[in-house]
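A.B. asks: Got a sequence here, can you model it:
(2 chains)
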There are 2 protein chains.
Amino acid sequence: MKYLLSLIIVVLCASAASADTLRTKVVEYSDQGAVMAGYLAYDSAFKGPRPGVLVAHEWWGLNDYIRSRADQLARLGYVAFAADIYGKGNRAKTPAEAAALAGRFVNDRPLVRSRIKAALAVLKNEKLTAGQPIAAIGYCFGGMTVLELARSGADIAGVVSFHGTLDTPNVADAKNIRAKVLVLQGADDPYVPAAKRITFEDEMRMGGVDWQMNVYGNTVHSFTNPASGDDPTKGVAYNQESARRSWEAMQAFFKEIFAKPGK
Amino acid sequence: MKYLLSLIIVVLCASAASADTLRTKVVEYSDQGAVMAGYLAYDSAFKGPRPGVLVAHEWWGLNDYIRSRADQLARLGYVAFAADIYGKGNRAKTPAEAAALAGRFVNDRPLVRSRIKAALAVLKNEKLTAGQPIAAIGYCFGGMTVLELARSGADIAGVVSFHGTLDTPNVADAKNIRAKVLVLQGADDPYVPAAKRITFEDEMRMGGVDWQMNVYGNTVHSFTNPASGDDPTKGVAYNQESARRSWEAMQAFFKEIFAKPGK
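C.D. replies: Predicted structure coming up:
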């Protein structure tokens, strides 16, 4: 009984300690005079410098979902920095607001690149990522964002796009890509139908990129986000299996492009 | 010094023991009066029943490459059985011989199904797979073979096709598929161009199958086989990176469809 009690106390302390080691903070930075409010997360249970992962948000802007992904990455042993592409306070509450915010950037790729590069600079300047490789992941609008970052020739080890927008007006820029590219796509995504996937393949091929694409059956747009609902006929829905499979594919990819973080 | 010597002896013994625990044998079985000679492999370092993995060969027939894959699967803790689709002694030495052997089966899918089902029965009857799930993997011609096995409605947990032939005259049979399906394809495979991948997606979609496809950039046909050479302009070439990535994708898939084998 005494042993059992001790065991329970040890288990409780261990889980409390684990919860306590997540460190997060809002980091303000600027790009071309605009103020951004990003979100940094790391786990103090891991010691010393570690790879950094930049996280680019969906068309909603930097919200709870994106912060939760940054927290998950921190718990995997990375320094995660959720970029703020829209600027401090610019968050959409309705699809109409999201479309307006995203539209401005979708149609101005140089601005997208400038904003994500400003966030990359913040992450690279963190003491904990000193001398360590950096990856960038993005969801939906953020998938487009990290692919544009790669097309800009940024010095990053890899990019992962989850149900991202694949087309670009800058097709020839694929030749600048130094990062390895992993694209994770729903087979039934109405916003990225098969024809757009094929166009993307051609872009990567012409650019001589190290790229891979995983296509998930029975899966529509925004499949990684539980807030996407459960009705695939709407073209947007959460798919738990594909969310898990794609997250694991990302981890396998990180294992390839990063040294394994120590604890 | 004494300590170092002991250590060296321990290491040597451990590696010798490890090599010794691989058990392999040729298993003869029959299908419609024809005699087959399959290849069974397991590792005696693993104890008790474990999942089985059927392995279907390339157009060359059951050769050293396929045996090496069976050995690798055994070392992962599975019972591997390399099926003999062509029949005992029928092995191709030249591409012309391979094309003749494969052609007969490509054009007779009921025969393919009968042959692979006979092999599945052997694996299911092994004492070591008792009550355990079974998967089937195949390379090239063997990819087609395991997909036909799935289309036949066979009771298997999953199939993995490596650079396999995806088209079938039996498109409507996808509705019979009970296995989860993972297809691993070279983006530049001249035998399975993008249009054939899209046709396959449509087949899986219509059949309501749980399916995934990983597409590897800079990768042509037969990319997993070191004997495929190193000249992608020939349309057939080994790609070490894609071979590794696809093997890891298979292992992640097995982790999903099997209980983790114990040691």
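A.B. asks: where along chain A do the strands fall?
C.D. replies: Using DSSP state E, the strands of chain A run over A:22-31, A:34-43, A:52-56, A:79-82, A:134-139, A:158-162, A:180-186, A:211-216.
A.B. asks: and those strands as CSV, adding mean neighbour count and mean pLDDT?
C.D. replies: Just so you know, the C-beta spots here come from the backbone N, C-alpha and C atoms, and that holds for glycine as well. Shown next, in CSV, are those (neighbours: other CB atoms under 10 Å in any protein chain shown; pLDDT from 0 to 100):
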stretch, mean neighbour count, mean pLDDT
strand A:22-31, 14, 98
strand A:34-43, 20, 98
strand A:52-56, 30, 98
strand A:79-82, 28, 98
strand A:134-139, 27, 98
strand A:158-162, 28, 98
strand A:180-186, 26, 98
strand A:211-216, 24, 98
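A.B. asks: and chain B, which of those strands is closest to it?
C.D. replies: With CB to the nearest CB, the closest approach to chain B among the strands of chain A belongs to strand A:211-216: 3.9 Å.
A.B. asks: tilt between the closest one and strand A:158-162?
C.D. replies: Strand A:211-216 and strand A:158-162 are oriented at 20 degrees to each other (axes from the mean of the first three to the mean of the last three CA atoms, to 10 degrees).
A.B. asks: so how far is strand A:211-216 from its chain's centroid?
C.D. replies: Remark: strand A:211-216 is offset 16 Å from the chain centroid, using CA atoms, centre = their mean, to the nearest Å.
A.B. asks: That one pairs with which strands, parallel or anti?
C.D. replies: Under the criterion DSSP bridges, strand A:211-216 sits next to strand A:180-186 (parallel), strand B:211-216 (antiparallel) in its sheet.
A.B. asks: isn't A:Arg67 right up against A:Ala82?
C.D. replies: Yes - between A:Arg67 and A:Ala82 a contact is recorded at 6.2 Å, counting by CB atoms under 8 Å.
A.B. asks: Pipe the strands paired with strand A:211-216 into TSV and attach distance to A:Ala195 per row.
C.D. replies: Putting the strands paired with strand A:211-216 into TSV (distance: least, CB to CB, whole Å) gives the following:
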stretch	distance to A:Ala195
strand A:180-186	13
strand B:211-216	15
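A.B. asks: To B:Gly38, which of those strands lies closest?
C.D. replies: strand B:211-216 (27.2 Å; CB to CB).
A.B. asks: Mind listing residues that contact the closest one?
C.D. replies: A:187, A:201, A:212-218, A:245, B:180-187, B:197, B:200-201, B:204, B:223, B:239, B:241-242, B:245-246, B:249, B:253 (CB atoms under 8 Å, 6 or more residues apart in numbering or on different chains).
A.B. asks: Report the set of residues contacting both of A:Arg67 and A:Ala82.
C.D. replies: Shared contacts of A:Arg67 and A:Ala82, counting by CB under 8 Å, 6+ apart, come down to A:39, A:41.
A.B. asks: contacting residues for the closest residue to A:Val26 other than its chain neighbours?
C.D. replies: Take A:Val26 and drop its neighbours on the chain: the residue closest to it by CB to CB, 6 or more residues apart in numbering or on different chains is A:Ala37, 5.4 Å away. Each residue near A:Ala37 by CB under 8 Å, 6+ apart is listed here: A:26-28, A:62, A:84, A:88-89.
A.B. asks: I'd like to know the beta-bridge partner residues of A:Ala37.
C.D. replies: A:Glu28.
A.B. asks: Could you report the distance from it to A:Arg91?
C.D. replies: From A:Ala37 across to A:Arg91, the span is 10 Å (CB to CB, to the nearest Å).
A.B. asks: so what's in contact with those two at the same time?
C.D. replies: Contact criterion CB under 8 Å, 6+ apart; residues shared by A:Ala37 and A:Arg91: A:Leu62.
A.B. asks: can you list the residues of the stretch 151-263 of chain A near chain B?
C.D. replies: A:181, A:187-188, A:194, A:198, A:201, A:204-205, A:208-218, A:241, A:245, A:248-249, A:252, A:256 (CB under 8 Å from any CB of the partner chain).
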